[in-house]
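Engineer: got a predicted model here, sequence first, then my questions.
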Amino acid sequence: MQLIQCFCFTQGIQVLLLVLSCIGEVGLAFFYRRHETVTEVKTFGSRSEQQEDCKHNKAMPLRPHRVSITEFGAVGDGVTVNTLAFQNAIFYLNTFADKGGAQLFVPAGKWLTGSFNLTSHLTLYLDTGAVILGSQDSKDWPVIDPLPSYGRGRELPGGRHCSLIRGYNLTDVVITGDNGTIDGQGAVWWDWFRNKTLDFTRPHLVELQDSQDIIIANLTFLNSPFWTIHPVYCSNVRIQNLTIISPLNSPNTDGIDPDSSSDVCIEDCYISCGDDVISIKSGWDEYGITYGRPSSNIIIRRVIGQTHTSSGLALGSEMSGGIKGVHAQDLQIFNSRRGLRIKTATGRGGYVKDVYISNVTMKNVSVGIVFTGLYGDHPDDRYDPNALPDIQRITFKDIIGDEIKTAGSVEGIQNAPFKDICLSNIQFNVTSEPFWNCSYVGGFSESVYPEPCTELQPQIPHDSPVCYSSYVSSTCKDI
């Protein structure tokens, strides 16, 4: 099946069954459909695209020491709270950090826990049938300080609940397994959000902060209270072979959100969630500007996703530290509100530039391509209304879409028009008019149907670098 070939999965048939049960007939037909894209490879300048396979990535580190969570009194009955067992196990394994590191093995069972912190040179390994369950008692998720690039909790002023699995200032951390599951049991948090009874911002499922050399692979993540996987201020992050599922109506359950992080590789994932499938971020308004750490060198490949409320791939809206060097290819987006989206606002400052997205298939998407300069919300009234974002050198290439309501909505900012937006070889089967809406933008196009708005109709100048191109060495093999 195309799904298995696309994912390079080694996780077993139960993931496939879980995915197929969630996508319905439309999604299943979408997966079976041959991914027909352009046979002619076009290049901008002298550089061309090249795809690398999963096998070229670095191997996971081998740990000379291994313990099981059961050795610390954990009980996998889904009822006993095992927070102390996880904390004690990791405290013990920290003693092996300078001896080659260690593995914490989680066997089959349902292991209920509150938040716990990882340590450096650690592998958290979930065996087949192992399920880590997030406690439904908010007291088991401590409140921690807000991120400095946000200045407050993303939802409410003040602190934020700690993620279920967290790491701070770590090196060489692996979260993996034989298709084990991490289930945030987020329904109680979604209810508190809808009922406006939260005291602090909801927790992520996994957050690594100020860390490097991170691998998250071969697992299933379910029902995150908020964003699912959030590497922030990190470098050298590899995220592979994941299934991420939250109900399509669950609030703000983004799939993967690299935030002010560099050298990030995301590939071979299936994501169905209640907000952006993947959203690249870098801080919020004046706090992100002051912190000043961009997201850069982000590589995304072979991701399949759906979201009824948001986008398959988004950049922003929190982008005040800057986003640059994003390369995404071989994406399949279905049953979604938007396909590809760049979102920002007056007051954000920062930039989004040097973005190259290619080889995308969409099915049943309301708007295929979206740029918005009016996204809105701010952390407080201290943001600078004169801090205007710089959006430029964005290339979308080799995209097909069926059952697309609107081809594109490309709306910049009057005093900071978006520029050098390049569209190449895009074919949408559009079901309603107008096909495109554009304002305060400029760019180029070729072989685009329906024909884009006049601001984007000039022919692509192949003797000029205005259209950003992917680069042959932009692969995940060194991450």
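Structural biologist: Thanks, I have the structure now. In this text the structure is predicted, and so the values were computed from the model without any measurement. Numbering: from 1, shown residues only.

Engineer: count of residues packed around residue 185?
Structural biologist: Residues near residue 185, counting by other CB atoms under 10 Å, number 16. The way it works is simple: take the backbone N, C-alpha and C, and place the C-beta from them, glycine included.

Engineer: scratch that, residue 130
Structural biologist: With other CB under 10 Å as criterion, residue 130 counts 23.

Engineer: dig out what it forms beta bridges with.
Structural biologist: Assessed by DSSP bridges, residue 130 has beta-bridge partners residue 109.

Engineer: got a list of what it touches?
Structural biologist: Contacts for residue 130 (CB atoms under 8 Å, 6 or more residues apart in numbering) come out as 76, 106, 107, 108, 109, 111, 177, 180, 181.

Engineer: the residues you listed in strands, which ones?
Structural biologist: 106, 109, 111, 177, 180, 181 (DSSP state E).

Engineer: buried subset of these?
Structural biologist: If you count burial by 16 or more other CB atoms under 10 Å, the buried members of the ones in strands among the contacts of residue 130 come out as 106, 109, 111, 177, 180, 181.

Engineer: I'd assumed residue 131 was in contact with the second one.
Structural biologist: What it means is residue 109. Yes: using CB atoms under 8 Å, residue 109 makes contact with residue 131 at a distance of 7.3 Å.

Engineer: ok but residue 265 is inside a strand, no?
Structural biologist: Yes: judged by DSSP: H, G, I helix; E, B strand; the rest coil, residue 265 forms part of a strand.

Engineer: state the pLDDT value of it.
Structural biologist: The pLDDT attached to residue 265 in the predicted structure is 98.

Engineer: what's the answer for residue 463, then?
Structural biologist: pLDDT at residue 463 comes out at 80.

Engineer: that one should be in a helix, yeah?
Structural biologist: No: under three-state DSSP, residue 463 falls outside any helix and is assigned coil.

Engineer: now do it against residue 395, distance only.
Structural biologist: 16 Å (CB to CB, to the nearest Å).

Engineer: quick one: low-confidence parts of the protein?
Structural biologist: For the chain, applying pLDDT under 70 flags the ranges 1-58, 470-479.

Engineer: at 80 instead, please
Structural biologist: The model of the chain has pLDDT under 80 over residues 1-59, 464, 470-479.

Engineer: so which residues of the protein form helices?
Structural biologist: Residue ranges of the helices in the chain, as given by DSSP state H, are 2-7, 13-32, 83-93, 187-194, 285-291.

Engineer: what are the boundaries of the strands in the stretch 51-200 of the chain?
Structural biologist: Secondary structure of the stretch 51-200 of the chain (DSSP state E, counting those that start in this stretch): strands at 65-68, 77-81, 102-106, 109-113, 116-117, 122-126, 130-134, 143-144, 160-161, 165-168, 171-177, 180-183.

Engineer: what would the ones you listed look like in TSV with distance to residue 260?
Structural biologist: Output for the strands of the stretch 51-200 of the chain, formatted as TSV (distance: least, CB to CB, whole Å):
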stretch	distance to residue 260
strand 65-68	33
strand 77-81	33
strand 102-106	28
strand 109-113	28
strand 116-117	20
strand 122-126	23
strand 130-134	25
strand 143-144	17
strand 160-161	16
strand 165-168	14
strand 171-177	18
strand 180-183	23
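
Engineer: closest one to residue 195 among those strands?
Structural biologist: With CB to CB as the criterion, residue 195 lies closest to strand 160-161 of those, at 16.3 Å.

Engineer: what residues does that closest one touch?
Structural biologist: Residues contacting strand 160-161 (CB under 8 Å, 6+ apart): 115, 138, 141-147, 153-154, 200-203, 225.

Engineer: same thing but at 10 Å, please
Structural biologist: For strand 160-161, contacts defined as CB atoms under 10 Å, 6 or more residues apart in numbering pick out 115, 138, 140-147, 150, 152-154, 189, 198-204, 207, 225-226.

Engineer: which among the residues you listed end up buried?
Structural biologist: 115, 138, 140-141, 143-144, 146-147, 150, 152-154, 189, 198, 200-204, 207, 225-226.

Engineer: residue 122 reaches residue 90, doesn't it?
Structural biologist: Yes: the criterion here is CB atoms under 10 Å, and residue 122 meets it with residue 90 at 7.0 Å.

Engineer: comparing those two, which residue is more hemmed in?
Structural biologist: Higher neighbour count among residue 122 and residue 90: residue 122, with 26 against 20, using other CB under 10 Å.

Engineer: what bridges to that one?
Structural biologist: Beta-bridge partners recorded for residue 122 (DSSP bridges): residue 102, residue 173.

Engineer: also residue 235?
Structural biologist: Going by DSSP bridges, residue 235 is paired in beta bridges with residue 212, residue 262.

Engineer: show me the contacts for it.
Structural biologist: Applying CB under 10 Å, 6+ apart to residue 235 gives the contacts 210, 211, 212, 213, 214, 261, 262, 263, 264, 296, 297, 479.

Engineer: how about the fifth one, nearest residue that isn't a chain neighbour?
Structural biologist: Closest residue to residue 214 apart from its sequence neighbours, by CB to CB, 6 or more residues apart in numbering: residue 237 at 4.5 Å.

Engineer: re earlier: now for the strands of the stretch 51-200 of the chain, which one comes closest to residue 352?
Structural biologist: When the strands of the stretch 51-200 of the chain are compared (using CB to CB), the closest one is strand 160-161, at 25.1 Å.

Engineer: need the contact partners of stretch 186-194.
Structural biologist: If you take CB under 10 Å, 6+ apart as the criterion, stretch 186-194 is touched by 134-138, 141, 155, 161, 164, 197-199, 201-203, 205, 222-226, 228, 246-247, 249-253, 274.
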